[in-house]
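*Asks:* Sharing a model prediction with you, sequence too.
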Amino acid sequence: MGRIVILPDAVIDQISAGEVVERPASVVKELIENALDAGATAIEIALEAGGKTSITVSDDGTGMDRDDAVLAIDRHATSKIKSASDLIGVATLGFRGEALAAIASVSKFELETAPDEDDASSEATRLIVEGGRLKDVQQTARRRGTTVRVRRLFFNAPARRKFLRTPATETRATVAAVSVLAFMRLDVSFKLTNDGRSLTDAPRVSALGDRIESLFGRSLAEGLIPVDHHAGNVSVRGFIQRPADAKPTGRKAFLFVNGRPFRDPFVVRAAEAGYRATIHPGSRPTMFLSLGVPGDTVDVNVHPSKLEVRFRDRRFVEATVEEAVRRALGPIGAAAVVGPGADWLPEAAAASTVAGAGYPPSSPEGSRGSAPSLFGVERYAPAHAEFFVADGGFLQIFDTYIVMQTPDGLAIVDQHSAHERVLYEATMSQLNGEGAPSQRLLLPLTVDLEPRELEAVEQNRAQLDAIGFEVEDFGGRSVVIHAVPNPHPRFDARRCFEEVVADFARGRFGGWNNQLERFAATYACRAAIKAGQVLEQREIGTLLRRLFGCELPPHDVHGRPTIVQLPREELERRFGRS
Amino acid sequence: MKFTITREQLQEGLIAVASTVPTRTTLPVLSNILVEATADGVRLAGTDLDIAVSTVVPAEIEAEGAVTLPAKKLVEIVRELPSAGIHFSASGEQRVTLECGRSRFKLLGIAPDEFPSFPTVSFDNAWKMTSADIQNLISHVVFAASTEESRPILNGVLWEMREDRMRMVATNGHRLARMDIPVSGGAAAADLIVPPKALEQIRKLFGPADEIEVARSDNHLGFRAGSTHIFTRLIEGPYPNYEQVIPRDNDKVVTVDRQALAAAIRRVGVVASDQTHRVRLSFSSGLVKFSVSTPDLGEAEDEIQATYDGEPLEIGFNATYLLELLKVMPTDEVRFTLKAPERAATMEPVGWDDPASYLCLVMPLRLVD
């Protein structure tokens, strides 16, 4: 007897704190969520020593009266649900009623709160709690809202305190947590400081693009492409990075489902799959994607920190994300822009604010939801043929770039990259069984190769044949080519063959996993017309027509753009017409 | 330098020379025409360094001398002048006055010693031929030369001189044209590889009745008819052995109306791919069927009558190549010979009343099903 005891509440709170509160960032997250649930429109977060010394979160939402405030720091005290049935379709961020109690149990905790001024009985309350024990309740004066100050986090749990990292690391984690929340609520301003230095200053905005700009800077925001796609009952909106801007490191991936942030490497991977053959393998594009799915097909209550979700039909969600990215990359609008792109970004962004349907119900109207004008997808969706005017009137500059008029300005096309994209897509369909017509040669080509190259020919014989190279061993180190592809009138079959074989022998494009894609990319690169090649008007017309007939015209296969746009707005701005 | 010339004679000379003057050049003097007053008349000359043309037109010479004048402006001025005598006089090497009736022009030129010297070609042992024969060769063969720069030798036209015949051959490696014209008492045998651009000048400048002398120096070829000379550099190197690729055992022979064949190819070619222009021809007894299928675009079918009694055969071609051949075929009917879907096809005129013999060859496109 006496070996089993019921734990005191304080101990239970500490155990629970282990789940909810692991570091300053999670404290900040819980406190911001409370503030948002209280209808705040401005939230300020001040850290000292990355939150190890103190964390202060103030908001201007609905505060509490004295009795509620005292209750709030008890475990499972919440205003957000009243019974188990409220759990279904829960629309607030927090609902378990654990957060305040858990935080208060492992810190020196102060809470100042004042309910609405127009409440006659309104007066501000100040609570002081230490290690979960209520030390004092005072009457004080403040305006509407709540301020929570958490000092010396884990002062009574040295084991956990030891696990805190340096202030700089903890600060970074907090910035990331605040960013996630800032994306959910564009109608709320967020300010974050550490030791008085401003880290985040995001004013209230109406467009996601503006928020991205205030959080991550203009250059990132300008390099984004709007995503707006739905299939079945899944919708995907948001922004993805232009392939040309994607880098191997420093990627930002923000995912939301029905307005809640979540983490999911598989969804990220699906989005990357959508970039297939537009980025260099190994590049990691930034993405801000908001998924909308019916509430009963996703389970968000998997873990207290609520970063994992379960989809009922995960495969369909991933396929939809991939398709959404693919489609977003297709329109000509996804091409890089000369001059400040901000002119069109907010417009696009308005179409894709993050918050999903119905969340949260308490939010003020007007800032989100309605899309003033759908710029991206709908305007560009009907093929890209509208760009194409006639077989003439193109300007070729430096024998490398083609300048053409589009409905919205000028497009400058890199002839090699453009042709590479055209040939890549054509080659993929040829390799996938469509087959290619192959021109028999009157005078067969004899090509001398190195042993490594001969091996490369052997390894890729099926693909070489599929695209039209009929290669026969000639004994020794030579092969004879009897038939060649004829992708364009200026095609130099011998040079193309030698370069492709050399590329394979030297392991170029080694990063491509899919052998067919790797082959197509190599061949497309080598067979495409080169920079410096003078083209006739008719040839330019054919090239552009085929480019705009592609699935993803604006990107070549190495993560470079094929098209740079000079929007009419930019011209007008520069000539002072706007 | 001082001379008087009729507008018509000057204009005729300028037209001959001006077509050689390059429109864009880094060497300013090449934009000019050399005007040289000699005892024989006025010599006009222009060059782009690859091809040079000179001609002599009669004029009343008062003082010999030479200038160069901007070709474009000179041609435009002469075109606008009334039909009357034009009086040229130069003060120094670079200032020229033109007077015609009451019109007066002063033009600035470039010193004549900056003008490139012409290749020296001796016409002592020249081949002699009629312009009509050369025109015949040029108009049937030159089109087949390659325009793509990877094999410079194929950018030229092979001209074989033999005792009893001369022959021109051109190919781009996918199709070939070959024509023989019998000659009598020809001079030394030679194989010349001539740039098509030069042959195009020959075709334009010499009338069908002209007697033409052709002579070569080391790496230049000269043409002379009357007082007009054309010089071109030759392309060096051995021409590929074309004889061995001309099929001798094509056992399937189709005779077909040239116009009808071309019209059918043009029709179905509308939906052929921009890239390969591939059309499929199926030969069966008395019939040629055409079909085209282009992914993402559509399909087309057509058929025409033909004289054929061999085994059925299906073969693919680049429509552009076939149309080019049919355009130059000199007769209403043509003969197609074939062997197999991956072997060369030949095309010849049927019933041509010309001593020349003419053969074209085209390689198929592989069909993928």
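*Replies:* Sure thing, it's come through.
*Asks:* which one is the residue nearest in space to the middle of chain B nearest to, not counting chain neighbours?
*Replies:* Chain B has residue B:200 as the residue nearest its centroid, 3.1 Å off, counting by C-alpha atoms, centre = their mean. Nearest-residue entry for residue B:200: residue B:142, 7.1 Å, with adjacent residues in sequence omitted and distances by C-beta to C-beta, 6 or more residues apart in numbering or on different chains. Just so you know, the C-beta spots here come from the backbone N, C-alpha and C atoms, and that holds for glycine as well.
*Asks:* The strand or helix carrying the residue nearest to the centre of chain B: which residues count as buried?
*Replies:* Assigned by DSSP states H and E, residue B:200 falls within helix B:196-205. Across helix B:196-205, burial judged by 16 or more other C-beta atoms under 10 Å in any protein chain shown covers B:196, B:198, B:199, B:201, B:202, B:205.
*Asks:* Chain A versus the residue nearest to the centre of chain B, what's the distance?
*Replies:* Distance of residue B:200 to chain A, given as C-beta to the nearest C-beta, to the nearest Å: 18 Å.
*Asks:* Could you check how far stretch B:161-178 is from the centre of its chain?
*Replies:* 14 Å (C-alpha atoms, centre = their mean, to the nearest Å).
*Asks:* So that stretch, near chain A or not?
*Replies:* Yes: counting by C-beta under 8 Å from any C-beta of the partner chain, chain A has neighbours in stretch B:161-178: B:171, B:173, B:174, B:175, B:176.
*Asks:* Identify the residues contacting the closest residue to the fourth one other than its chain neighbours.
*Replies:* What it means is residue B:175. Of all residues not flanking residue B:175 in the chain, residue B:362 sits nearest, at 4.3 Å (C-beta to C-beta, 6+ apart). By C-beta atoms under 8 Å, 6 or more residues apart in numbering or on different chains, the contact set of residue B:362 is B:174, B:175, B:176, B:317, B:318, B:321, B:322, B:325, B:344, B:345, B:346, B:347.
*Asks:* Distance of the first one relative to residue A:284?
*Replies:* It refers to residue B:174. Note on residue B:174: its distance to residue A:284, by C-beta to C-beta, to the nearest Å, is 45 Å.
*Asks:* higher neighbour count, the two?
*Replies:* Higher neighbour count among residue B:174 and residue A:284: residue B:174, with 23 against 18, using other C-beta atoms under 10 Å in any protein chain shown.
*Asks:* Show the contacting residues for that one.
*Replies:* Each residue near residue B:174 by C-beta under 8 Å, 6+ apart is listed here: A:439, A:440, A:441, A:442, A:486, B:318, B:321, B:362, B:363.
*Asks:* Am I right that the first one is in contact with residue A:483?
*Replies:* Yes: with contacts defined as C-beta atoms under 8 Å, residue A:439 counts as touching residue A:483 at a distance of 6.2 Å.
*Asks:* what sits in contact with each of those two?
*Replies:* By C-beta under 8 Å, 6+ apart, the residues touching both residue A:439 and residue A:483 are A:468, B:366.
*Asks:* Same drill for these two, tell me which one is more crowded.
*Replies:* In terms of neighbours (other C-beta under 10 Å), residue A:439 is the more surrounded of residue A:439 and residue A:483; the figures are 26 against 23.
*Asks:* does the more buried one sit in a helix or strand, and which one?
*Replies:* With DSSP H and E as criterion, residue A:439 is part of strand A:438-448.
*Asks:* What residues sit buried inside that strand?
*Replies:* A:438, A:439, A:440, A:441, A:442, A:443, A:444, A:445, A:447.
*Asks:* returning to that earlier point: and the contacts of the helix holding residue B:200?
*Replies:* Taking C-beta under 8 Å, 6+ apart as the rule, helix B:196-205 contacts B:16, B:19-20, B:50-51, B:53, B:134-135, B:138-139, B:142, B:145, B:155-157, B:170, B:212, B:221, B:223, B:228, B:230, B:232.
*Asks:* so of those residues, which ones are in helices?
*Replies:* Counting by DSSP state H, the contacts of helix B:196-205 place B:16, B:134, B:135, B:138, B:139 in helices.
*Asks:* are any of those residues buried, and which?
*Replies:* B:16, B:134, B:135, B:138.
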